[in-house]
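In: Just a sequence and a predicted model for now, questions to come.
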Amino acid sequence: MMMLVLVLGTTIVFSSCSKDDEDGGEYSIIGTWKMTYEDYDEYEEHFEYIFYSNGTVVETCYIRGQQSDEEYEYEYLYENDRLTIIEDKYTYTVVVHWVNKNKFTISDDGDILIFTRQ
C-alpha cells in the first residue's frame with residue numbers, strides 16, 4: 001500500500017488552527033488541499049487531501065490530471081501548528097508553515113511541499 005506522501009519517509013506535524021491572518025479569519029486545516037512540489041509540473045502527479053472535522057483525512061493521487069483508483073484514509077490530530085497523521089501502527093508529525101489561510105508549506109529533506117486550499 002502506498003505510504004503517505006506527506007511524510008516522505010519522515011515524521012509529520014501540521015500547524016496553526018488558531019493563527020489569524022490579515023483578514024481576521026482563522027487558519028484551519030479542515031477542507032480540501034491540493035499538494036504539489038516546489039518544482040511542480042502540471043502533467044506530473046499531485047495529491048489531494050481532504051481533512052474532515054471528525055479527525056479523518058482522505059488522500060487521493062492524480063496522475064496527468066486523472067484520479068487514481070485508490071484512496072487512502074488516515075486519522076489525524078491537529079494542534080499548536082502541528083499535524084499528526086496516524087497510519088495503522090505508524091505516527092507521523094510535521095510542522096506547517098502558513099503562507100496565508102489558503103496556502104501552507106512543509107519542508108522535508110530540501111523538498112518544499114505546497115498545499116493550496118481547493
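Out: Okay, I see it. Residues are numbered from 1 along each chain as shown.

In: Show me how far the lowest-mean-pLDDT helix or strand in the chain is from its chain's centre.
Out: Within the chain, no helix or strand scores below strand 103-108, which has a mean of 85 by mean pLDDT, DSSP states H and E. Distance of strand 103-108 from its chain centroid, counting by CA atoms, centre = their mean, to the nearest Å, is 8 Å.

In: In PDB, list the C-alpha atoms belonging to that strand.
Out: Extracted as PDB, the C-alpha positions of strand 103-108 are listed here (Å, rounded to 0.1, in the frame of the first residue of the first chain):
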ATOM      1  CA  LYS A 103      -1.800  28.000   1.500                       C
ATOM      2  CA  PHE A 104       0.800  26.400   3.600                       C
ATOM      3  CA  THR A 105       4.100  24.600   3.000                       C
ATOM      4  CA  ILE A 106       6.100  21.900   4.700                       C
ATOM      5  CA  SER A 107       9.800  21.200   4.100                       C
ATOM      6  CA  ASP A 108      11.300  17.700   4.100                       C
END
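
In: Partner strands of it and their direction?
Out: Take DSSP bridges as the rule and strand 103-108 pairs in its sheet with strand 97-100 (antiparallel), strand 111-117 (antiparallel).

In: in its sheet, what does the strand ranked longest in the chain sit against?
Out: Criterion DSSP state E: the longest strand present in the chain is strand 66-79. Sheet partners assigned to strand 66-79 using DSSP bridges are listed as strand 56-63 (antiparallel), strand 82-87 (antiparallel).
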